[in-house]
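Participant: coords below, sequence missing:
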């Protein structure tokens, strides 16, 4: 197989041509003849009781077709939650209702109260000003600890409190962990906040509902990472439309980062309106609307503790986290601070005893759900910050403390005390690689040069592990998931040998159209240009769970390998017939079937043509055609890991932190397209650095969003960031999927925040500010300056 | 409503526009040129950048009526006359300067304006010039690399891939 | 946004006439006004574009200093003022981003008087004269607090005249999201003394820092600023990006840096 387009080749992306010429087809580019426009009237207060809604004046505005409120959705289900967490006492979490439009109460700024549908978008917006909503404002519940106090105002009146669940993991270890702390030689404690973030994919959400009464067919075009999941949730749980009458299309999607996984109210509302009005209905979010309606990320307040023995071995970890759910449970929200967080608390280390407690809390804020990394950045941040603090407190080198406690290469598969089993890894190797590519040895000289310029230079390290490729369905089912987490692929070989692949996975920047074609081309030995990848439309792709959790190649790619394997098996049978040889003697190489040990051969097209023009064909025991579908359900998570190094310069006068270098040494297992893998790491790093230094989703004491636009929510820009050094040459292939791949989409966002913060703390300590043990993210100039001058 | 006439990608065009119609809406809805994207409502993200009389402008922050008669270039007008990718567009593909593609039209238009003003920019100049264009996917690494490459500079020393 | 009638006169006289209509508002580069209208925080019934008036555009040296037409874009000032008033050109080149600078104008910025905008610092720091269709207003009289100016109904800025200092510089600490000034200082040394204008810091908008002016008039060195107490934090802006104390501190740091850059 020529390496220019198979596995391992840095093939340029085929999808780029349409994006570079303005020919991408995003949801907002779709306009259907006769379409109406929806505008959502949203709550301006964080918490309030709806006394009355008077729609008459709005309904009478020019162009308005109908004004919808909760009353119109009385016969419709609420937005479902896809994961039920069981608390430490064995009870299910408290699960509030989540109406499509606010019913009786509004619970966060941005909670949709009414949908105005009009002939034009501006008419719908104009009419919003005529809508009269009488709201009795209630005290806003914002601080998580206060929300759990006796007598606190309740976000949901029908729940017993604002506590969603109090989760303990592993609950049986609780007392053993306490005992280990009592016996510890050293006990390190760190209070920290994992700041709330807004995903902010550059494309705001859009939904277009369409209904054809003659065929009773409903179509939703939406900006989704997983159209099949939306079809299932909206069809079965909200609107009651059977799958065969509901098509969900996610065309080109402009980034997701988690925020486009979930089923949102607007999707159900425009679909409902289209069916009611028998006309297409379109909604396009403004960025300001995205800030108050897209699920947000992170928002944990944590007390982290690490116990060490006299030889500096980690003996126990105890962590208590308050996790903000926001006002309602977004689709997968309950799973993030629990199963995607607690299970990663071992990190790369041999800590025998771990206890994780998480209290999930309802507040009058926008719902929180997975954002790039989802739970794993929070776990990594705690671990990698406290290890740095421990090293400083105990006077040992932070690299050496990590090395001393790493799981050794000969210990895999490694059973952690937090349920998961790491199949493979080599953390010493990634650490070695990082120190080499970051020129760690030359740091002292660089620090001296910075000092001469009045700047404080620091070096920070973090090592991370993540669990990707989610996940075995039977396992997640036991953990409370209300979905399977397999992936699917249909490989349709056409008569003249070209191939159409239909994947249940979804690409919104990840480059599946290129990499998936590379995999199929490699397996069959044909040019990747002969392979077309189709995704994003439930009407032509097999049921799949979509793209998130760095799962596309590990799970979707495995389904693709499985389906292609079935194709090859059948094609060999056809070749055996054509070559009058035994099936077992047929070899496929470079797109040609040969009888082993002979020069008898038939090429790929000869076989595919025979499959569809079966004149000379074993019809008695083989069906014609060449099309196979496979579903792949992984047997374990995959465990990418890596070492990240950040070098900063701090301006002591202003507190401004500059990232002067950032290096990443990752083990992603095998690599299909190294160019795309590097790009994924770059993007993750920018988001992680953004979290560490810039991004802060903050509410005031009334629940108003203080950072509700790009004027106040600081997105990383080109001049905030350096060129990164990334390396993925440390490879321990995943042992349980056919490609040996692990996933690379989230790593950058997981490993980088603690590396940045560790670097800043290092710089400050080197300058003698030894009173500073921690600064909460984002490390804005004002916060760093305040810490220096505290 | 009144007709607004201008030249877009070298062709005289005309479409109805209200007073409040933004240039971005005029292009997307009036002319069907959906390559120009709208990613924010505060003039920060730059996905909507087009050239008006040769200058980079945020089309979501300009009224169509205000640029009546102007010559506008959008992403749809950036390829070579034979339809092949321009040097700049090709550099974005070669160096993986895009992922989801949503910010890409604005990135290409702003970068083209930079190279017209400054044919051999430094890395710092590229980063500074792109400060009004947000990308959430690439971390900017490969965008900056692509622009430097398009200017004819050797980018071999910048981490490969 | 609300709909409105769009008019684009080609003379100042026609613009003034158009602005006399009920609910009329002037539109210059629109880089602030347009987003404000999208939020429906401004809803003019007539929008009068000033971008088609040739006499409002251009940069030229005159007796009173450098004269800049009100509808001159930031990009044009950055380029054309460079030979005459480099500090002013450099300031213009730091506003927003390239696309914003291609539309935004000096007149629009001064009429809006955002407390974090750059141009008010240059105008106040230079003791510029704001010329309108009716009168000439000294910068010291023009800025009247956050988003407040001496402009009256129907009055439009036509040009701004900057006396050229011996030395000057602008030091801007950028608010990372908006790219406006978190706090910035414009320092200009004239034969009659030094002027220091601070933007981004105060709830009252751009202001002159008297103590720094006195100290710098005596000795135009960064060390002269070092010895000063930072301005009172009492009226400074508190937001996500900085406390009043932090902004007060930055007033001093940015002034010092501006002096160092000018010296």
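Facilitator: Now that the structure is in, tell me what you want to look at. From a predicted model like this one, the values you see are computed outputs, not experimental measurements.
Participant: number of nearby residues for residue A:18?
Facilitator: By other CB atoms under 10 Å in any protein chain shown, the residues close to residue A:18 number 15. All C-beta spots, glycine's among them, are computed from the backbone N, C-alpha and C.
Participant: For residue C:36, list the residues it contacts.
Facilitator: Neighbour list for residue C:36: residue C:42 [criterion: CB atoms under 8 Å, 6 or more residues apart in numbering or on different chains].
Participant: quick check, it in a strand?
Facilitator: No - with DSSP: H, G, I helix; E, B strand; the rest coil as the criterion, residue C:36 is helix rather than part of a strand.
Participant: Can you read off the pLDDT for it?
Facilitator: For residue C:36, the pLDDT comes out at 92.
Participant: got it, and residue A:471?
Facilitator: Looking at residue A:471, its pLDDT stands at 79.
Participant: Does it belong to a helix, a strand or coil?
Facilitator: Classified using three-state DSSP, residue A:471 is coil.
Participant: Please report phi then psi for the residue in the stretch 51-200 of chain C that chain B sits nearest to.
Facilitator: Residue nearest to chain B within the stretch 51-200 of chain C (CB to the nearest CB): residue C:97, separated by 2.5 Å. The phi/psi pair for residue C:97 (degrees, to the nearest 10) reads phi -140, psi 180.
Participant: From residue C:75, how far out is it?
Facilitator: 11 Å (CB to CB, to the nearest Å).
Participant: What's the local residue count around the closest residue to residue C:243 other than its chain neighbours?
Facilitator: Using CB to CB, 6 or more residues apart in numbering or on different chains and skipping residues adjacent in sequence, the residue nearest residue C:243 is residue A:782, 6.2 Å away. For residue A:782, the count of nearby residues is 22 (other CB under 10 Å).
Participant: Thought residue A:654 was touching residue A:782, still the case?
Facilitator: No - when contacts are counted by CB atoms under 8 Å, residue A:782 is not listed as touching residue A:654 (9.0 Å).
Participant: Could you pull up phi and psi at the residue lying closest to the residue of the stretch 51-200 of chain C closest to chain B once chain neighbours are set aside?
Facilitator: Counting by CB to CB, 6+ apart, residue C:97 lies nearest to residue B:132, which is 2.5 Å off, once chain neighbours are set aside. The phi/psi pair for residue B:132 (degrees, to the nearest 10) reads phi -100, psi 20.
Participant: Taking the stretch 201-350 of chain A, what residue is nearest to chain C?
Facilitator: residue A:288 (7.2 Å).
Participant: from memory that residue sits against residue C:41, does it?
Facilitator: No - using CB under 8 Å, residue A:288 makes no contact with residue C:41, being 11.6 Å away.
Participant: For the two, work out which one has more neighbours and name it.
Facilitator: More crowded of residue A:288 and residue C:41, by other CB under 10 Å: residue A:288, with 20 against 10.
Participant: Return the residues in contact with the residue of the stretch 251-400 of chain A found nearest chain B.
Facilitator: Chain B sits closest to residue A:254 of the stretch 251-400 of chain A, with a gap of 3.0 Å, by CB to the nearest CB. For residue A:254, the contacting residues are A:26, A:201-203, A:223, A:508-509, B:37, B:39, B:100-103, by CB under 8 Å, 6+ apart.
Participant: Any idea how many residues pack against the nearest residue to residue B:64 once chain neighbours are set aside?
Facilitator: Excluding the flanking residues, the one nearest residue B:64 by CB to CB, 6+ apart is residue B:26, at 3.8 Å. Neighbour count for residue B:26, taken as other CB under 10 Å: 28.
Participant: and the residue of the stretch 201-350 of chain A closest to chain C, what does it touch?
Facilitator: Neighbours of residue A:288 in contact, by CB under 8 Å, 6+ apart: A:708, A:709, B:41, B:42, C:39.
Participant: ok, for the second one, nearest residue in space, not its chain neighbours?
Facilitator: Spatially, and ignoring its direct neighbours in sequence, residue A:709 is nearest to residue B:42 (4.9 Å; CB to CB, 6+ apart).
Participant: other SSEs contacting the longest helix seen in chain A?
Facilitator: Ranked by number of residues, the top helix in chain A under DSSP state H is helix A:557-579. Helix A:557-579 sits against strand A:487-493, strand A:499-503, helix A:512-524, strand A:586-589, strand A:592-595, strand A:601-603, helix A:604-612, strand A:627-632, with contacts defined as 3 or more CB pairs under 8 Å, 6 or more residues apart in numbering or on different chains; DSSP states H and E.
Participant: Indicate which one of those is closest to chain C.
Facilitator: Nearest of the helices and strands packed on helix A:557-579 (CB to the nearest CB): helix A:512-524, 30.9 Å.
Participant: so where is the chain shaky, pLDDT-wise?
Facilitator: No chain specified, so I'll use chain A. By pLDDT under 70, the low-scoring segments of chain A are A:1-4.
Participant: Oops, wrong one, chain B.
Facilitator: Across chain B (using pLDDT under 70), the flagged ranges come out as B:159-161.
Participant: all helices of it, in order?
Facilitator: B:23-25, B:87-94, B:104-117, B:123-129, B:141-150.
Participant: Distance-wise, check residue C:161 relative to residue C:213.
Facilitator: Residue C:161 is 21 Å from residue C:213, by CB to CB.
Participant: Many thanks, have a good one.
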